[in-house]
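**Q** I would like to see how this sequence folds:
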Amino acid sequence: MAEISPRRRIWGWYWFDWASQPYHTLLLTFIFGPFFAAVATEFFMAEGMTELAADAKAQSIWSWGLAAAGLIIGFGAPIMGALADTAGRVRPWVAVFGLLYVVGAGSLWWTQPDGSNMWAMIVMFAIGFIGAEFALVFTNSQLPSLAGQAEVGEVSGSGFAFGYIGGLVALAIMLTLFVEQPNGKTLIGLAPGLGLLDAEAREGTRFVGPFVALWFMIFMVPYALWVKDVPKPGGRHSLSGAFAILGRTIRGLRHKRSLAAYLGSSMFYRDALNGLYGFGGVYASLVLNWPIVLVGVFGVISGLAAAVFSWLGGRVDRRLGPKPVIIGAVLTLMAVCFLVINMTREAIFGIPLPDGSNLPDILFFGCGMLIGGMGGTLQSASRSMMVRHVDPLAPTESFGLYGLSGRATSFMAPALIAWFTTMTGSARLGVSPLIILFAVGLLLLVWVKPEGEQ
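**A** Numbering: from 1, shown residues only. Predicted coordinates for the structure are as follows:
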């Protein structure tokens, strides 16, 4: 069998990002999330709630669903990483969690527009989301083997850019061929699914689940063909060995001040970023009353910005290192959050707007560009910074800890949003805690060495 070239291996790794990104782009943020929120809102209004109360209730349910998934991801990721490191094999784990991804996504077809099975559907969404996040832990661990430290930031940035382009292409296909507008036609005036789907039953929008599952299965083929494992001699999967490795690594953090500070920092700012991703489309649907198609167009613009800025961020990372990139992205996202919580259809920072003003829509489109652009840049630079702290003898374990730092408190942003939304009775004010999470992450960066522990 011909040896796979390093360049082809890198491209195989890029294709994982292309294949998996639609779960976040289409399901979490721009189509299924807002659709679920709108369905839940209509369900609660039919039970007699006011629109404001129904919006808050719908956002709370979505928040608690993400919080529950986050708990499982947070505590499972480091164990999974350590278990894989006992044998040095990644691909079997990617296959297992890829199956969860496909089952969870595909099941969303059965979401009923009347909200009668919304609890079952949020469980299925969580199953697929857990699969997507666990698979990402294992593929992230392969990054140190793809390039030297000088190039790893650019490889990471290019991977995220390629993934965002994949999410963007998938979103564009859904908007033009499947998602129905209030008039029953897609964005370009076609019947959903070229007339094969029922617009009245919202089948065009519901098809987003099977579409994402099929997309993943098709575009994982290059990864499967070109990214091979190098098993450790005599290595075998051992749960006791995994816990021993994990315990040793956690105990060793007391001697690695920069790594400990970075894991703490990324725990907070990545949690806040995931909060923005999980609630950007929901916010547009509930607060600005955007239809799903307009939220999707918002996603296209956000995705374009994410792809461009991820690539540019990788170039800046190569020149200056990841730490300045992370700081700039966090500050920008804090400013976006501050604008979002001070904006309604009627006023901005308390200044009244004329009736029918489209200024909030314009500003939120700008926010979408910054969320997508800075979010992609932040994730890419964060992955690059982690490579500078990785134990070369146990990369999956190290990225398992990175997964833990990003997911151990991944329930925190959704839970805080749920709590603030319930306390204030406002979906808009409910996102306020994200500013605090970003600020804590920024503070902890003070103790992070730009070149890691090496």
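**Q** hey, where'd the helices end up in the stretch 251-400 of the chain?
**A** Per DSSP state H, counting those that start in this stretch, the stretch 251-400 of the chain carries helices over the ranges 257-286, 292-320, 322-341, 359-387, 395-407.
**Q** how much space between residue 158 and residue 215?
**A** Using C-beta to C-beta, to the nearest Å, we find residue 158 at a distance of 20 Å from residue 215. C-beta: built from backbone N, CA, C; applies to glycine.
**Q** Comparing the two, which residue is more hemmed in?
**A** Each of residue 158 and residue 215 has its neighbours counted (other C-beta atoms under 10 Å); residue 215 has more, 25 against 20.
**Q** Could I get the phi/psi values of the more buried one?
**A** As for residue 215, its main-chain torsions (degrees, to the nearest 10) stand at phi -60, psi -50.
**Q** hang on, it packs against residue 23?
**A** No - using C-beta atoms under 8 Å, residue 215 makes no contact with residue 23, being 9.2 Å away.
**Q** shared neighbours of these two, which are they?
**A** Here residue 215 and residue 23 share no contacting residue, scored by C-beta atoms under 8 Å, 6 or more residues apart in numbering.
**Q** mind listing what residue 32 touches?
**A** By C-beta under 8 Å, 6+ apart, the contact list for residue 32 reads 26, 108, 111, 125, 208-209.
**Q** Can you tell me which of those residues is nearest residue 415?
**A** Distance ranking of these against residue 415, using C-beta to C-beta, places residue 125 first at 17.0 Å.
**Q** Pull out the buried residues from the helix or strand hosting the closest one.
**A** In the assignment (DSSP states H and E), residue 125 maps to helix 118-140. Residues 118, 121-122, 124-140 are the ones in helix 118-140 that count as buried (16 or more other C-beta atoms under 10 Å).
**Q** Toward the C-terminus, what is the element adjacent to it?
**A** Proceeding N to C from helix 118-140, the next assigned helix or strand is helix 149-177, under DSSP H and E.
**Q** which parts of that next one are buried?
**A** When burial is assessed from 16+ other C-beta under 10 Å, helix 149-177 yields the following buried residues: 152-172, 174-175, 177.
**Q** tell me the angle that helix makes with helix 118-140.
**A** For helix 149-177 against helix 118-140, the angle by axes from the mean of the first three to the mean of the last three C-alpha atoms, to 10 degrees is 150 degrees.
**Q** Helix 149-177 to helix 292-320, inter-axis angle?
**A** 170 degrees.
**Q** so what secondary structure elements neighbour helix 149-177?
**A** Contacts defined by 3 or more C-beta pairs under 8 Å, 6 or more residues apart in numbering; DSSP states H and E place helix 149-177 against helix 6-22, helix 208-219, helix 292-320, helix 359-387.
**Q** try 6 Å this time
**A** Packing partners of helix 149-177 (3 or more C-beta pairs under 6 Å, 6 or more residues apart in numbering; DSSP states H and E): helix 6-22, helix 292-320, helix 359-387.
**Q** Go through these and name the closest to residue 413.
**A** Of all the helices and strands packed on helix 149-177, helix 359-387 sits nearest to residue 413, with 13.5 Å by C-beta to C-beta.
**Q** so what's residue 206 up against?
**A** Neighbour list for residue 206: 109, 111 [criterion: C-beta atoms under 6 Å, 6 or more residues apart in numbering].
**Q** Distance check, it against residue 271.
**A** For residue 206, the distance to residue 271 - C-beta to C-beta - is 30 Å.
**Q** Same check on residue 217?
**A** Distance from residue 217 to residue 271, counting by C-beta to C-beta: 30 Å.
**Q** what about the two, which has more around it?
**A** Between residue 217 and residue 271, counting by other C-beta under 10 Å, residue 271 is the more crowded of the two (28 against 15).
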